[in-house]
Every structure is written in C-alpha cells, then in structure tokens.
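> The amino acid sequence is not available; the structure is as follows:
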C-alpha cells in the first residue's frame, strides 16, 4: 500500500495472493467529500478486505501507506498477520512549513488552488527524478503516472489538503505503540538511511522506542525513493519475513 502508483512486482510471483488498491483521492479510487483522516483510510482497508472476503492478511505499506496500515493494525489487530513497513510516515511531531501553510484557513486552500498541482508535482517528484535511477524506464513511467494523477485527477487536491490537515502523517505515536505491543516481532521495517522525506535520522529512534520487537533493516545511503527505484530492496526481505513463521 502506498500513495503512489502501485508496483506490479509484488510477491504474487512467490505464490502469494495479492490485493493492490489506490487510497481515496489517488489513482482509480474515488475522492469522496469526507475528512481524510485515519478513520477514513482505516475504514477503506476494512471495507476492501470485507468485500473480497479476506478475514486476515499481511500488509506491505510504503510512506503514508505505512501510517495508514499502522492505524489499521491498531484498530483491527485480528485482521493483520504480519506488517511490513517501508519508510513509514506518522511519527512527525510537527508538520514542515509547507504542510502547516496548507492547513491555514482560507490562505491554505487558496494557495493550493492557485499553485497546488504544479507545486505538489515538483515537490513529489524531486526525490525520485534527481536520484540515480531517475532516467530508468520504470522511473520515467512512475513520473508519468504521478504527473497524470496530480494534474488531471479532479479530487486529488481536496484529498491532499484534508490529508495534510487531518490525516495520519504525523502524531500517531499511540497507534505505533499499540501495534508494537500487539504484533511484537511480526513487524518488519525497511528504511533508507539517507531518507530526508520521512527523515530516517530523526524518526528511526522513535520507531525503535515504540516498536522495540520489530525487525529493522536499514539500507545504507538509500533515499525515500528506494521502493519505486529498486523494489527488490523491499521485496526480498519482505518475502523472507513472510516465509519465516517463527
């Protein structure tokens, strides 16, 4: 699970049944006129799993998807077998300046409506386009999907603004702590040490404190873009973790 284009190279090749979906406001999913908070995103997963008659699943989640999946596991631990997090969001104490600007009444929505789509596209792709894999075909495709979504998805801005102001991108330490206690060593976290988007240096200590039994793999020198750049960096430890039932 992630907020970007889902990667098709998931563990289906390893014999697992896989369900991929777009969170509300992204891709092919609807953009309902609701508050885009942890409850909305959690309910979306619950409704999806109920619809396809899965009573329990392992979840692989990236970035904001990680924060959403932690909230889901905190609310429905009986439905989560194992939880695999890649550079998970949600541990910030305070949003960055541009995030706080979006949340300012009147001025925030005005700024986003005037400059939002192009600004969000540039800021979203900066870490990916400037990386060592930026010109690779799969990354060019990733950028094209992002551009299509940001510039032509009519509900994205509404979803984005509400996610910044109401969503689980910060201050969900309680959910992390609860999941750490409930799932224990059934959690895997993969994180690049050079990540400055969901900042590894600042946030990893919080993660280790809240989920002390989780298995942690730190990818030396890798940025926040490691998942779309080289999905194998996540896939290989994820499959090994799923197969190891101890």
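Everything's here; your move. Just so it is clear, the model here is predicted, and its values are computed rather than measured.

> Quick one: find the helix or strand in this protein with the lowest mean pLDDT.
helix 97-102 (a mean of 70; mean pLDDT, DSSP states H and E).

> so who does residue 194 touch?
200, 221, 222, 223 (C-beta atoms under 8 Å, 6 or more residues apart in numbering). (C-beta placed from N, C-alpha, C; glycine too.)

> What is the nearest of those to residue 213?
Comparing the contacts of residue 194 against residue 213 with C-beta to C-beta places residue 200 closest, at 19.7 Å.

> ok, back up a step: quick one: which of the contacts of residue 194 sit in helices?
Within the contacts of residue 194, residues falling in helices by DSSP state H are residue 200.

> sorry, back to before: next secondary structure element downstream of the least confident helix or strand of the chain?
Next in sequence after helix 97-102, counting helices and strands by DSSP states H and E, comes helix 107-129.

> relative orientation of the helix or strand that that following helix is followed by and helix 107-129 in degrees?
Using DSSP H and E, the helix or strand that follows helix 107-129 in sequence is helix 137-152. Put simply, helix 137-152 runs at 170 degrees to helix 107-129, going by axes from the mean of the first three to the mean of the last three C-alpha atoms, to 10 degrees.

> now helix 137-152, how far from the chain's geometric center?
Centroid displacement of helix 137-152 relative to its chain, using C-alpha atoms, centre = their mean, to the nearest Å, is 17 Å.

> Show me what counts as buried in that helix.
Within helix 137-152, the residues that count as buried by 16 or more other C-beta atoms under 10 Å are 139, 142, 143, 146, 149, 150.
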